[in-house]
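Peer 1: Any chance you can model this:
(one chain, ligands or ions: 2)
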Amino acid sequence: MTVLASGSKGNSTIVSTSKTRILVDAGLSCRELFKRMRSVNEDPTTLDAVLITHEHQDHVQGLSVTARKLGIPVYFTEATHRAWMRWMTPRKRLTYAEWLEQRRQEAEKKKAEAEAQGAEPAPEMANPFYREQQLAECAVEEEELKSEEKQEADPCALPAVEYFRAGSQFSIGDITISAFTIPHDAIDPVGFVFQAEGVRIGIATDLGYMPPNVSLQLRGCDVLMLESNHDLEMLRDGPYPWSVKQRVMSRVGHLSNDAAASFLESHYDGNASYIVLAHLSESNNLPELARLSAEHALRDRMRLLRNKLVLAEQSTAIGPILL
Ligand SMILES: [Zn+2]
Ligand SMILES: [Zn+2]
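Peer 2: Numbering: from 1, shown residues only. Ligands and ions are numbered 1, 2, ... in the order given. Okay, the predicted model is just below:
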């Protein structure tokens, strides 16, 4: 497993065997994804499929270009595919300049709201164009690809779409995948457990709390990628507007360091070789806080060859983790 990026500005991970290579989410521009793959000696052209957890921008923003450039199928639930198409379509009806202006106005409105609450703007808001820059890069790539393809391509066109259901098991090449429902404010969000060659890898990020069904799925994993999104105090005292804080803390928001730790302490079986703490917030968390909290929870179980803690990063690829 190689984590290309993890956090609210983009998520993408490669899970592979010697025969099959799957990209889980495509939350960076295609160019950036390829760049990061090359930085860890992964060849983008060897990918077999893209698998999507949910339709939030930080998981799909480079999807259409990446899938079309590589000519590989995309696996979604049907509801997520539809939500993704809705997300793709409206901005395509605008001219690029109109769309950028709309985003700029939204960013200003958000900033004004935050200031009205007496808060310092969050770093993303201090640079309200961050997401716009990312999206602009994706939009430019889409335009370039269209002219390469020499047709008025549908922005939602994909080489192939395969549906799976949350709660089901399916295979891509020699990898068996279990998709399970997670509590998050998307239309049909899922986590995954991958099994091949006697190895089990679990990915559970973007979940408001740890329900028993997810806890059960994550048993027996050799690699466990678990969300450790925020420190509750940093979030409470931090720069986000109250409505956003409420959303992050809610049962359909993101898993806090404390919630991740309480899972590790009480429900985790202690058998993973690696625990990857993921989707850390840049505004409301510090890598050291996430690490300490998990280490404390695992204090008696950090045996020599098990439970190595790894922190996924937003800005650089980490891995590969080899088993
Ligand atoms: Zn996310
Ligand atoms: Zn999300």
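Peer 1: Near ligand 2, which residues of the stretch 101-250 of the chain? Just list them.
Peer 2: Within the stretch 101-250 of the chain, the positions near ligand 2 by CB under 5 Å from the ion are Asp206. For the C-beta atoms, the positions are set from N, CA and C on the backbone; glycine is no exception.
Peer 1: Could you pull out the helices in the stretch 101-250 of the chain for me?
Peer 2: 123-126, 130-149, 212-217, 232-237, 242-249 (DSSP state H, counting those that start in this stretch).
Peer 1: Kindly reformat those helices as JSON lines containing mean pLDDT and mean neighbour count.
Peer 2: Compiled in JSON lines, the helices of the stretch 101-250 of the chain are given as follows (pLDDT from 0 to 100; neighbours: other CB atoms under 10 Å):
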{"stretch": "helix 123-126", "mean pLDDT": "46", "mean neighbour count": "16"}
{"stretch": "helix 130-149", "mean pLDDT": "77", "mean neighbour count": "16"}
{"stretch": "helix 212-217", "mean pLDDT": "96", "mean neighbour count": "14"}
{"stretch": "helix 232-237", "mean pLDDT": "95", "mean neighbour count": "15"}
{"stretch": "helix 242-249", "mean pLDDT": "94", "mean neighbour count": "15"}
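Peer 1: With distance to Ala294 as extra columns, can I get those helices in TSV?
Peer 2: Output for those, formatted as TSV (distance: least, CB to CB, whole Å):
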stretch	distance to Ala294
helix 123-126	24
helix 130-149	28
helix 212-217	16
helix 232-237	15
helix 242-249	19
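Peer 1: Ligand 1 is nearest to which of the ones you listed?
Peer 2: Among the helices of the stretch 101-250 of the chain, the nearest to ligand 1 by CB to the ion is helix 242-249 (10.9 Å).
Peer 1: Please name every helix or strand in contact with that closest one.
Peer 2: Judged by 3 or more CB pairs under 8 Å, 6 or more residues apart in numbering; DSSP states H and E, helix 242-249 is in contact with helix 232-237.
Peer 1: chain center to the helix it packs on: distance?
Peer 2: 22 Å (CA atoms, centre = their mean, to the nearest Å).
Peer 1: Same list (the helices of the stretch 101-250 of the chain) but as TSV, adding distance to ligand 1.
Peer 2: Converted to TSV, the helices of the stretch 101-250 of the chain look like this (distance: least, CB to the ion, whole Å):
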stretch	distance to ligand 1
helix 123-126	13
helix 130-149	13
helix 212-217	16
helix 232-237	15
helix 242-249	11
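Peer 1: Looking at those helices, which is nearest to Pro159?
Peer 2: helix 130-149 (11.4 Å; CB to CB).
Peer 1: Report all helices and strands that the closest one contacts.
Peer 2: helix 30-39, helix 63-70, helix 96-116.
Peer 1: Please identify the most buried of these.
Peer 2: For those, the largest average neighbour count (mean count of other CB atoms under 10 Å) is found in helix 63-70, namely a mean of 23.
Peer 1: So what touches it?
Peer 2: Where contact means CB atoms under 8 Å, 6 or more residues apart in numbering, the residues beyond helix 63-70 that reach it are 23, 26, 29-30, 33, 44-45, 47, 50, 52, 73-74, 84, 88, 138, 141-142, 145, 149, 153, 155-159.
Peer 1: What strands flank whichever helix or strand comes after that helix, and is each parallel or antiparallel?
Peer 2: The C-terminal neighbour of helix 63-70 among helices and strands, as given by DSSP states H and E, is strand 74-76. Note on strand 74-76: by DSSP bridges, its sheet partners are strand 49-51 (parallel), strand 161-163 (parallel).
Peer 1: right, and the ones you listed - which one's nearest Ser16?
Peer 2: Evaluated with CB to CB, the strands paired with strand 74-76 place strand 49-51 nearest to Ser16, the distance being 10.8 Å.
Peer 1: Kindly reformat the helices and strands packed on helix 130-149 as TSV containing distance to Gln57 and mean pLDDT.
Peer 2: Output for the helices and strands packed on helix 130-149, formatted as TSV (distance: least, CB to CB, whole Å; pLDDT from 0 to 100):
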stretch	distance to Gln57	mean pLDDT
helix 30-39	14	97
helix 63-70	10	97
helix 96-116	12	76
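Peer 1: would a markdown table of the ones you listed with distance to Leu309 be doable?
Peer 2: Conversion of these to a markdown table gives the following (distance: least, CB to CB, whole Å):
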| stretch | distance to Leu309 |
| --- | --- |
| helix 30-39 | 22 |
| helix 63-70 | 30 |
| helix 96-116 | 33 |
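Peer 1: and of these, who's closest to ligand 1?
Peer 2: helix 63-70 (13.7 Å).
Peer 1: Run the chain-centre distance for the closest one.
Peer 2: Per CA atoms, centre = their mean, the centroid offset for helix 63-70 relative to its chain is 17 Å.
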